[in-house]
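Asks: predicted structure and sequence below. I'll ask about it afterward.
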Amino acid sequence: MQPIAHRNYSDSSLQFIICECGERILILPNTKMMGTAIERHILEQHKNKGANQVEADRIENALIAQLFKKSPQ
Ligand SMILES: [Zn+2]
């Protein structure tokens, strides 16, 4: 994980969650959109590349866990 260059900008729109495959997913202010972004990533980058459902669920859960850790609420 690379250091964030402009740490003093606390704008949450600049935050990402990082998948174990290395892809960064922008954290969106809208929970529904965020869920869609995660699902799309899982589908395109994991399921379409051969991950089974158990693997896909595990990766998705890890992304959601990161999201909760970074959430200000
Ligand atoms: Zn991924």
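Replies: Perfect, thanks for sending it.

Asks: and the helix or strand containing K69, how far from the chain's centre?
Replies: Following DSSP states H and E, one finds K69 within helix 53-70. Distance, stretch centre to chain centre, for helix 53-70: 8 Å (Cα atoms, centre = their mean, to the nearest Å).

Asks: would you mind measuring from the residue most central in space within the chain to M33?
Replies: Compute the mean C-alpha point of the chain, and by Cα atoms, centre = their mean the closest residue is I17, 3.9 Å away. Distance, I17 to M33, by Cβ to Cβ, to the nearest Å: 13 Å. Every C-beta, even on glycine, is put in place using the N, C-alpha and C of the backbone.

Asks: tell me the contacts of the residue nearest to the centre of the chain?
Replies: 24-25, 27, 63, 66-67, 70 (Cβ atoms under 8 Å, 6 or more residues apart in numbering).

Asks: does R40 sit in a helix or strand, and which one?
Replies: Element membership for R40, per DSSP H and E: helix 31-41.

Asks: counting neighbours, which bits of that helix end up buried?
Replies: Of all the residues in helix 31-41, those buried under the rule 16 or more other Cβ atoms under 10 Å are 34, 37-38, 41.

Asks: quick one: which of those residues is nearest to the ion?
Replies: H41 (5.7 Å; Cβ to the ion).

Asks: which ones are touching the closest one?
Replies: 19, 23, 25, 63.

Asks: if we can go back for a sec, by neighbours, which of the contacts of I17 wins?
Replies: In terms of neighbour count, L63 stands highest of these at 21 neighbours, by other Cβ atoms under 10 Å.

Asks: show me the contacts for that one.
Replies: Contacts of L63 by Cβ under 8 Å, 6+ apart are 17, 19, 25, 38, 41-42.

Asks: and the ion, which of those residues contact it?
Replies: Applying Cβ under 5 Å from the ion, the subset of those adjacent to the ion comprises C19.

Asks: looking at the contacts of L63, which one is closest to R58?
Replies: I42 (10.2 Å; Cβ to Cβ).

Asks: neighbours of that closest one, how many?
Replies: I42, neighbours per other Cβ under 10 Å, totals 19.

Asks: pretty sure it sits against A56.
Replies: Yes. Between I42 and A56 there is a contact at 5.2 Å, judged by Cβ atoms under 8 Å.
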